[in-house]
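Novice: next come a sequence and a model predicted from it.
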Amino acid sequence: MRARSTFGTEFARAPAGQRPVVWSIAGADSGAGAGLQADLKALQAFGVHGCTAVAAITAQNSVAVTRVEPVSAELLDAQLAALAQDMLPQSIKTGLLGSVDNLRVVCRWVDRLRAEGHAVALVVDPVLGSTTGTHFVDEALLDAYCRQLLPRATLITPNRAEALRLLHGGEPGHPLQAAAAPALAQALQALQARWRMGTREWAPSDATVVQDCFSVVITGGDEGQADGLACDWLQSPQATGWLSLPRVSTAHHHGTGCTFASTAAAALASGYCVADAVVMAKMATTHALRHAYPAGQGAGPVNPQPDFAQHIANLPAFTLLGATAPVVDNAAPPFAALSHPDLGVYAVVDSAAWVERVVAAGIRTVQLRIKDPADPTLAAHIQASVAVARTRPGTQLFINDHWQLALQHGAYGVHLGQEDLAQVDLQALQSAGVRLGLSTHSYWEVARAWALRPSYIACGPIFATQSKDMPWIPQGLDNLRYWSGVLPLPVVGIAGIDTGNVAEVAATGAASAAVISAITKAGDPEAACTALLSGWATSPPA
């Protein structure tokens, strides 16, 4: 089970009861290590239906590419026309295209599908050459990539060498040669913007079907970082920063770029946002490297597996924009562990009086959530709430947002949203032994939280809620069950939880159910607390 996307996307949806469809338009690899063969393995591992359109045929094995021959543009167009009649895609992934004419066929089909109302995501893996040294593009095709294909892309996935070639910075001594990945990604997005404003000869046939700005992930797995990490730089509408994992030590890495891009396309087709799709692509590729095997005398193929998302070792650390480098030590020092990791019913209230009331009713995990930082009674509420918690053995009190006052008054813990992290001195909290809880709503937010090794992670919204205006799709019990099984720390489910479903939440294996309205808006709050505690306690084991 993998978590569903919790951000709404503008991409196409598969018909009810059908698997999402991904078109892979790429080259055929006779050695089956890369190209269409690798794409199909990755798509199948993700659980989508992969369709193939052969753009070029290669004669290759594990040590060399001996011949590359593009198919005719007419044949490529016929393949895509046949697919469009019966298997409309939710996303398209491109690899080796072979010729300018073939690239233009792809562009026309992307335009046509989008103009007909199919919001198809386009993932471009700019396959410009092989790892054995064969070049697949000339200057005309490289120019067509930049002027025609990239402006239509949702996501591009170059490695550093490919990014430099796309920027025409591949020659020794070029100013971009020494540029860091963030600068290369910015330059690629600037390139796209420039060609969108180009001459009519190169402009798309319909500007309304061109992405406003593609997302870029510059993969770093082929670079030998001294710190032993494989680090990718992502720029997307949801998040920008470094994704890092310890490098997998293997000589068998053929098809890593294909696996990465195809998994991202599969995730987009399944409804994930771009940042989530890239996190999952890194997870799947890392797991595929762990299962790679020799086949021939050269580098063997990576081997995608359907359980890639079930292993915490595959979840990357995400260091967001503002950091100048990726996480150096992927195993960051953890925050202090919870005294009572089985948090149970977790009441979220907005005053010291409410803290005292729910604690008196038997609840031992409480969050004081006063959103207005200018509230003149804020400090007094925090001080009084801390005092109440200290009189009740086993009570774990968390202060939402106001970390400085929490430190000042000796609070047990602090709970933060993703948007608050940049303004908080996390080292000061950690040094003081304060427990830290973090809110998450999607894969990339969990990856960011996981990089900080908090005391617990909250996942939500589990159900629709009226407590606050949320842009996220409810995750549901399956999503909560998934994260509770993968994350090796307590997981809190939040939003829309009440006496009618608290037992179901407990049955997922979550450590806690955070509750707001079911207590504070109940006619008899004390009775509601009793019912919630009873429902949690009587749930069958996960």
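Specialist: Arrived safely. None of the values given here were measured: they were computed from a predicted structure. Numbering: from 1, shown residues only.
Novice: pull out the buried residues from stretch 72-88.
Specialist: Across stretch 72-88, burial judged by 16 or more other C-beta atoms under 10 Å covers Ala73, Leu76, Asp77, Gln79, Leu80, Leu83, Ala84, Leu88. Where C-beta positions appear, they are placed from N, C-alpha and C, glycine not excepted.
Novice: inside helices: which ones of those residues?
Specialist: Judged by DSSP state H, the subset of the buried residues of stretch 72-88 located in helices is Ala73, Leu76, Asp77, Gln79, Leu80, Leu83, Ala84.
Novice: TSV for those residues, including distance to Pro474 and pLDDT?
Specialist: What follows is these, written out as TSV (distance: C-beta to C-beta, whole Å; pLDDT from 0 to 100):
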residue	distance to Pro474	pLDDT
Ala73	45	98
Leu76	41	98
Asp77	42	98
Gln79	39	98
Leu80	36	98
Leu83	33	98
Ala84	33	98
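Novice: from the residues you listed, pick the one nearest Leu245.
Specialist: Set against Leu245, the nearest of those by C-beta to C-beta is Leu83 (34.7 Å).
Novice: residue contacts, that closest one?
Specialist: By C-beta atoms under 8 Å, 6 or more residues apart in numbering, the contact list for Leu83 reads Trp23, Cys51, Ala53, Pro89.
Novice: among those residues, give me the pair with the biggest separation.
Specialist: So, the contacts of Leu83 by C-beta to C-beta: farthest apart are Ala53 and Pro89, at 10.3 Å.
Novice: what touches both of the two?
Specialist: With C-beta under 8 Å, 6+ apart as the test, Ala53 and Pro89 both reach Trp23, Leu83.
Novice: more neighbours: the two, which one.
Specialist: Counted by other C-beta atoms under 10 Å, Ala53 and Pro89 do not tie: Pro89 has more neighbours, with 30 against 25.
Novice: element containing the residue lying closest to the more buried one once chain neighbours are set aside?
Specialist: Sequence neighbours aside, Trp23 is the residue nearest to Pro89 in space, at 4.4 Å (criterion: C-beta to C-beta, 6 or more residues apart in numbering). Element membership for Trp23 (DSSP states H and E) is strand 21-29.
Novice: by contact count, what packs against the following helix or strand past that strand?
Specialist: Counting by DSSP H and E, the next helix or strand C-terminal to strand 21-29 is helix 35-46. Identification of packing neighbours for helix 35-46 by 3 or more C-beta pairs under 8 Å, 6 or more residues apart in numbering; DSSP states H and E yields strand 21-29, strand 49-60, helix 256-269, helix 274-290.
Novice: can you check what angle separates helix 35-46 from helix 274-290?
Specialist: Helix 35-46 runs at 100 degrees relative to helix 274-290, counting by axes from the mean of the first three to the mean of the last three C-alpha atoms, to 10 degrees.
Novice: show the average pLDDT along helix 35-46.
Specialist: What helix 35-46 shows for mean pLDDT is 98.
Novice: list the buried residues of it.
Specialist: For helix 35-46, the buried set under the neighbour-count rule, 16+ other C-beta under 10 Å, comprises Gly35, Leu36, Gln37, Ala38, Asp39, Leu40, Lys41, Ala42, Leu43, Ala45, Phe46.
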